[in-house]
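Participant: Structure, please.
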Amino acid sequence: MKDVIIDTDGACSGNPGPGGWSNIFVYPNGDEEIKTGFIPYSTNNLSEIIAVIRALESIIEPSRVLLKTDSSVVRNCFDHDWRGRWIANGWRNSKNKLVEHRPFWERLFELVDYHKVRFVKTSDADPLHKRADGLAKKAIREGLAEVKAQLQGA
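Facilitator: Numbering: from 1, shown residues only. Got it, this is the predicted structure:
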């Protein structure tokens, strides 16, 4: 089983609004790999969830993953077993409201079951996370520029 450290971040321009995500993979030999993406319409929480999903989906074989995120929603879901409570309560949260973004959470749970994932808190004080944050925001700018160019060409 291979080891990988991933710093993930999601961003949103407005909430809801256009979103972006980024992943910085750091391998034991020191190599890095960067992945980013644009989401035309998202929320901040959804962008964070998608960042984690895209990171874990890109790892083919089961791996030990140290996943760094500043998303309290993602971390709390696993640290406080929201998953178990949501399922037991018919996908309702502690306020008895339907859990938002259920299909994304279900996909994330599949991936976490496939890999051995440990979630840790990070922040912009961490240089790696500061880069991930900048890359997620850049993905929004580039995605919006591409959409604008397509609309002007139509």
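
Participant: Quick one: residues contacting the residue most central in space within the chain.
Facilitator: With distances taken as Cα atoms, centre = their mean, the chain has Ala51 as the residue nearest its mean C-alpha position (2.3 Å). For Ala51, the contact set (Cβ atoms under 8 Å, 6 or more residues apart in numbering) comprises Thr8, Asp9, Gly10, Trp21, Ser22, Asn23, Thr69, Ala136. Backbone N, C-alpha and C define where each C-beta goes, glycine included.

Participant: what mean pLDDT does the biggest helix by length in the chain have?
Facilitator: If you go by DSSP state H, the chain has its longest helix at helix 127-153. For helix 127-153, the mean pLDDT works out to 95.

Participant: buried set for it?
Facilitator: His129, Arg131, Ala132, Asp133, Leu135, Ala136, Lys137, Ala139, Ile140, Gly143, Leu144 (16 or more other Cβ atoms under 10 Å).

Participant: Contact partners for the fifth one?
Facilitator: Right, the one you point to is Leu135. For Leu135, the residues meeting the contact criterion (Cβ under 8 Å, 6+ apart) are Asp9, Gly20, Ser22, Ile24, Ile34, Thr36.

Participant: helix or strand for Asp7, which one?
Facilitator: Using DSSP states H and E, Asp7 sits in strand 2-12.

Participant: actually Pro103, not the one I wrote
Facilitator: helix 102-114.

Participant: angle of the helix or strand following that helix against helix 127-153?
Facilitator: The helix or strand immediately downstream of helix 102-114 is strand 116-121, counting by DSSP H and E. For strand 116-121 against helix 127-153, the angle by axes from the mean of the first three to the mean of the last three Cα atoms, to 10 degrees is 90 degrees.
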